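In: the sequence isn't on hand, but the structure is:
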């Protein structure tokens, strides 16, 4: 075989491999953990109401005594200046949980306002530490599960354990993610987020 033929075969193999990696990116992003008893179930912000609905199912199976809901950053303060009342996503997630049968006293909205997953993980870790707890079941969208696991390993306190679960009502098409803009944007965002996490989080949340 000539050198030219070998190069052509190698390039074809690389191209085929790239196509296969591209097609399987959606499936690769989904990384769930087995469930076991935890101190709390955590609903990450976004994809409402799917994440809250999945958290309610897990609660009803008896895996944790309560559900924590993160509070995403919002324009509430600015709107209040204009006498406009804004009800944030966290309030609706709480209502979804209660509507699904979770006792109101078992649902807690976390106090700190967050702008991204990195801050959510840090807050959950702080709450566990401050309350002498050590484990959480974290509910998020399927394509977001791998990144949550990576961020937990990097940001959580030593000895703290998480179990990441996917809210499949979010309707992420892991096999054909490139066929619609919603899933394509989601996969792109997750790959960029994972790259940032693996690089040591050089890109930090916007403090404003």
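Out: Perfect, thanks for sending it. Values in this document were obtained by computation on a predicted structure and should not be read as measured data.

In: contacts, neighbours, all on C-alpha from now
Out: Noted.

In: now residue 109. Nearest residue, chain neighbours left out?
Out: Nearest non-adjacent residue to residue 109, counting by Cα to Cα, 6 or more residues apart in numbering: residue 69, 4.7 Å away.

In: so what's the one you found bridging to?
Out: On the basis of DSSP bridges, residue 69 is bridged to residue 43, residue 109.

In: quick one: pLDDT of it?
Out: With respect to pLDDT, residue 69 scores 98.

In: residues contacting it?
Out: By Cα atoms under 8 Å, 6 or more residues apart in numbering, the residues touching residue 69 are 42, 43, 44, 45, 90, 93, 94, 107, 108, 109, 110.

In: filter the residues you listed down to just the buried residues.
Out: Neighbour-count burial (16 or more other Cα atoms under 10 Å) applied to the contacts of residue 69 gives 42, 43, 44, 45, 90, 93, 94, 107, 109, 110.

In: I'd like those residues as TSV, with pLDDT and distance to residue 190 appended.
Out: Below are the buried ones among the contacts of residue 69 laid out as TSV (pLDDT from 0 to 100; distance: Cα to Cα, whole Å):
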residue	pLDDT	distance to residue 190
42	98	20
43	98	18
44	97	15
45	95	15
90	94	23
93	96	23
94	97	26
107	98	28
109	96	25
110	96	24
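
In: wasn't residue 79 part of a helix?
Out: Yes: per DSSP: H, G, I helix; E, B strand; the rest coil, residue 79 lies within a helix segment.

In: that one against residue 85, yeah?
Out: Yes: Residue 79 is within contact range of residue 85, at 6.8 Å (criterion: Cα atoms under 8 Å).

In: how about the strands in this protein?
Out: Using DSSP state E, the strands of the chain run over 40-43, 67-72, 107-114, 135-140, 161-166.
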